[in-house]
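Chemist: The following comprises the amino acid sequence and a computationally predicted model.
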Amino acid sequence: MKMRQILLGLGSAWKDLLLLIVGIYLALWLEGKVQDWQEEKRQKDYLYRLSIDLSNDVKQLEGVQRRLDKKVKALKEGLTTISADSFSVSKIEDEELVLKTAGQVNNYHFFTPLDFTFVSMRESGDFKLIADEKVQNMLLSTYDNYKLLQLLQDNYIQGLDDHFIPLWLESVDMLRSKVVNKDVIESPLFSNMILFALNETSNRQSFINQLLPEIKSTAEALKALSGKAHSVETENESGSR
């Protein structure tokens, strides 16, 4: 009798133990599923935020390109006039052209990317949440190119700081918009600085033209993975209304 009770007790204990094990397993499984769901949600949120950042970068770069187009045109016109034998800063129209051209040189039209989401992901380690290796590489390539563009911008401002701005401050009365040192303005140094500005601006313009399709493709890939895909062109149109 006692043996039977013992066996019945053991059987009940095994059932309880089995239920406990199954319960623990289910709890761990559910916890893993919830964690996977949370990480997937975070990944999609990051992907969408990155896509919005890049789409806004596209808008900004397209605006920069329009301003650079006007700048290059104005610099070419100014350089042509300044290089002509008939040029003389003593002429009112030539003096006005010098001031206008120099103003274009000092218009930087720089680009600053919206990189907060990308930088925060890299610093926090959340970049690994992006499971698609191809998209990871596309993102890294885009932001590496942003660094190259920043280098071009830094080179431009450095050239102006070292040469053009000191020369300009010594040669022009800013308050009255008058050229006071006509010899410097008619020297090769001044025209060379205009040529420097033209070349550097043209190089930056070409780089941006090559970069824009890459940014658009990356933004589209991010939006597609986030489940909230829509075209960069459509967003640009809605933003311009």
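Modeler: Looks like it came in fine.

Chemist: tell me which residues in the strand or helix carrying Leu198 are buried?
Modeler: Assigning secondary structure by DSSP states H and E places Leu198 in helix 188-226. Residues of helix 188-226 classed as buried by neighbour count (16 or more other Cβ atoms under 10 Å): 190-191, 193-194, 196-198, 200-201, 204-205, 208, 211-212, 215-216, 218-223, 225-226. The way it works is simple: take the backbone N, C-alpha and C, and place the C-beta from them, glycine included.

Chemist: again with stretch 121-141
Modeler: So, applying 16+ other Cβ under 10 Å, buried residues of stretch 121-141: 121, 129-130, 135, 138-139.

Chemist: which residues are contacting stretch 110-124?
Modeler: 46, 49-50, 53, 56-57, 60-61, 64, 126-127, 129, 139, 143, 146, 149, 153, 208 (Cβ atoms under 8 Å, 6 or more residues apart in numbering).

Chemist: Check the secondary structure at the residue nearest the centre of the chain for me.
Modeler: Centrality entry for the chain: nearest residue to the mean C-alpha point is Pro113, 3.0 Å, by Cα atoms, centre = their mean. Classification of Pro113 using DSSP: H, G, I helix; E, B strand; the rest coil returns coil.

Chemist: For it, give me the pLDDT.
Modeler: For Pro113, the pLDDT comes out at 96.

Chemist: do you know how far it is from Asp132?
Modeler: Taking Cβ to Cβ, to the nearest Å as the criterion, Pro113 is separated from Asp132 by 21 Å.

Chemist: now Val179
Modeler: Plainly put, Val179 is 58 Å away from Asp132 if you go by Cβ to Cβ.

Chemist: do the same with Asn203
Modeler: For Asn203, the distance to Asp132 (Cβ to Cβ) stands at 33 Å.

Chemist: Per-residue confidence, Leu28, what does it come out as?
Modeler: According to the prediction, Leu28 has pLDDT 54.

Chemist: thought Met193 was touching His163?
Modeler: Yes - the criterion here is Cβ atoms under 8 Å, and Met193 meets it with His163 at 6.0 Å.

Chemist: give me every residue that touches the nearest residue to Thr81 once chain neighbours are set aside.
Modeler: The spatial neighbour of Thr81 that comes closest, neighbours along the chain excluded (Cβ to Cβ, 6 or more residues apart in numbering), is Leu97 at 5.4 Å. For Leu97, the contact set (Cβ under 8 Å, 6+ apart) comprises 78, 81-82.

Chemist: Please identify the buried residues of the strand or helix carrying Leu97?
Modeler: In this structure, Leu97 sits in helix 92-105 according to DSSP H and E. Of all the residues in helix 92-105, those buried under the rule 16+ other Cβ under 10 Å are 94-95, 97-99, 101-102, 104-105.

Chemist: Turn these into CSV, including distance to Ser171 and pLDDT.
Modeler: Listed next are the buried residues of helix 92-105 as CSV, based on distance: Cβ to Cβ, whole Å; pLDDT from 0 to 100:
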residue, distance to Ser171, pLDDT
Asp94, 14, 85
Glu95, 11, 85
Leu97, 15, 86
Val98, 9, 85
Leu99, 11, 87
Thr101, 13, 89
Ala102, 9, 87
Gln104, 16, 91
Val105, 13, 90
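
Chemist: okay, and for this protein, where does confidence drop off?
Modeler: In the predicted model, the chain carries pLDDT under 70 at residues 1-40, 229-241.
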